[in-house]
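# A structural model of the following input is requested.
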Amino acid sequence: MPADPTALPAERTTGASQERGRTASLAAMLGRGAGRGGGRVRAGLAVIADRIIDLAPRIPVRDLATLRAQFPGLTPEDLADKLVAGACNGTATVGAGVGAAAMLPVPPAMPAELAAEVTGVASVEIKLIAELHEVYGLRPAGNFRQRGMAYLASWTEERGVEITKPATLNFALGMQMRRELRQQIMKRTLRNLPNLIPFMIGASVGAFMNRRDTRKLADKIRKDLRTKQVSWDALPDSAPAALTDGERTVQPPPPAGG
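Residues are numbered from 1 along each chain as shown. Alright, predicted model coming up:
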């Protein structure tokens, strides 16, 4: 393909070759993950999965009363639209930041950047899933940690929490459950790895792809939750809260010893 006649001489060659070089090196890095370096990639994904498992129960979630106070006069669907739009903007910001870092001639500590992207997006999306359950009147039973792990399972499986099945609320119990959840997170991350090659070539691409994927996830969760939706009128304490001391949230318990 001929060079762009409007480009400066240096831009006709070096810019394109550098871009191809960045993309090729990233593709090679991910390709090694599927080949000889697969063990290292899987070990790295296991660390990311453990980080997300530890993080999930600590994510603050706004209850329904708080959400209705912050967004007065909205229907459940309108409120859900607001939450999805905010989450899409949040994951787009994460994508833009990591995408911009990847535009450097030699991306600094790319595995660390990749871990930050996956963990950051997971945090935003898990919070979104939790608050969508509030909006649709489907908060799971159990304590804060149990609900956090249930929302994490919902994120990995891309569907709503089965609140009528106690097994879905017991992810915080036992190493076997933790292993199963780690495998689910790794499986989902591996599914998304091919998408990260174009993502890593620029901020605008990273922002676009994260926004798109978060919206697709939200659409799946909302479709599932609508089939079991509970009317706000049937819920206790669902009236808009009076926010006098800042944002009211369903706060995680304090860390042990703190």
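# can you pull out the helices in the stretch 51-200 of the chain?
64-70, 76-102, 110-135, 144-157, 175-192, 196-199 (DSSP state H, counting those that start in this stretch).
# and of those, who's closest to T214?
For T214, the closest of these is helix 76-102, at 4.5 Å, according to C-beta to C-beta. For every residue, glycine as well, the C-beta is placed using N, CA and C.
# still on that earlier bit, any chance of the helices of the stretch 51-200 of the chain in JSON lines with mean pLDDT, distance to L55 and mean neighbour count as columns?
Putting those into JSON lines (pLDDT from 0 to 100; distance: least, C-beta to C-beta, whole Å; neighbours: other C-beta atoms under 10 Å) gives the following:
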{"stretch": "helix 64-70", "mean pLDDT": "96", "distance to L55": "21", "mean neighbour count": "20"}
{"stretch": "helix 76-102", "mean pLDDT": "80", "distance to L55": "14", "mean neighbour count": "20"}
{"stretch": "helix 110-135", "mean pLDDT": "85", "distance to L55": "6", "mean neighbour count": "22"}
{"stretch": "helix 144-157", "mean pLDDT": "88", "distance to L55": "9", "mean neighbour count": "22"}
{"stretch": "helix 175-192", "mean pLDDT": "70", "distance to L55": "11", "mean neighbour count": "15"}
{"stretch": "helix 196-199", "mean pLDDT": "49", "distance to L55": "20", "mean neighbour count": "19"}
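# save the ones you listed as CSV, and put in distance to D237 too.
Supplementary listing: the helices of the stretch 51-200 of the chain in CSV, determined by distance: least, C-beta to C-beta, whole Å:
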stretch, distance to D237
helix 64-70, 6
helix 76-102, 16
helix 110-135, 11
helix 144-157, 16
helix 175-192, 30
helix 196-199, 41
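# of these, which is nearest A218?
Nearest of the helices of the stretch 51-200 of the chain to A218, taken as C-beta to C-beta: helix 76-102 at 4.4 Å.
# which other helices and strands does that closest one contact?
Based on contacts counted as 3 or more C-beta pairs under 8 Å, 6 or more residues apart in numbering; DSSP states H and E, the elements that helix 76-102 packs against are helix 64-70, helix 110-135, helix 196-199, helix 203-226.
# ok, back up a step: ok, which of the helices of the stretch 51-200 of the chain comes nearest L235?
Ranking the helices of the stretch 51-200 of the chain by distance to L235, with C-beta to C-beta as the measure, places helix 64-70 first at 6.9 Å.
# that closest one packs against which elements?
Secondary structure elements in contact with helix 64-70, counted by 3+ C-beta pairs under 8 Å, 6+ apart, are helix 76-102, helix 110-135.
# for those, which one sits closest to I48?
Each of the helices and strands packed on helix 64-70 has some distance to I48 by C-beta to C-beta; the shortest is helix 110-135, at 5.1 Å.
# next one: V161, what pLDDT does it get?
The predicted local confidence for V161 comes out at a pLDDT of 83.
# residues in contact with D78?
Taking C-beta atoms under 8 Å, 6 or more residues apart in numbering as the criterion, D78 is in contact with F71.
# go on, S154?
Contact partners of S154, counting by C-beta under 8 Å, 6+ apart, are I129, H133, G160, V161, I221.
# dump those to CSV, plus distance to A46.
What follows is the contacts of S154, written out as CSV (distance: C-beta to C-beta, whole Å):
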residue, distance to A46
I129, 23
H133, 28
G160, 27
V161, 24
I221, 25
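# CA atoms of stretch 73-93 as PDB?
In PDB, the C-alpha atoms belonging to stretch 73-93 read as follows (Å, rounded to 0.1, in the frame of the first residue of the first chain):
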ATOM      1  CA  GLY A  73     -38.300  11.000  39.900                       C
ATOM      2  CA  LEU A  74     -36.800   8.200  37.800                       C
ATOM      3  CA  THR A  75     -38.500   4.900  37.000                       C
ATOM      4  CA  PRO A  76     -36.500   1.700  37.600                       C
ATOM      5  CA  GLU A  77     -35.500   1.500  33.900                       C
ATOM      6  CA  ASP A  78     -34.500   5.200  33.800                       C
ATOM      7  CA  LEU A  79     -32.400   4.700  37.000                       C
ATOM      8  CA  ALA A  80     -30.800   1.600  35.600                       C
ATOM      9  CA  ASP A  81     -30.000   3.600  32.400                       C
ATOM     10  CA  LYS A  82     -28.200   6.200  34.500                       C
ATOM     11  CA  LEU A  83     -26.200   3.600  36.300                       C
ATOM     12  CA  VAL A  84     -25.100   1.900  33.100                       C
ATOM     13  CA  ALA A  85     -24.100   5.200  31.500                       C
ATOM     14  CA  GLY A  86     -22.000   6.000  34.600                       C
ATOM     15  CA  ALA A  87     -20.300   2.600  34.600                       C
ATOM     16  CA  CYS A  88     -19.600   2.800  30.900                       C
ATOM     17  CA  ASN A  89     -17.900   6.100  31.400                       C
ATOM     18  CA  GLY A  90     -15.900   4.600  34.300                       C
ATOM     19  CA  THR A  91     -14.600   1.600  32.300                       C
ATOM     20  CA  ALA A  92     -13.900   3.900  29.300                       C
ATOM     21  CA  THR A  93     -11.700   6.000  31.500                       C
END
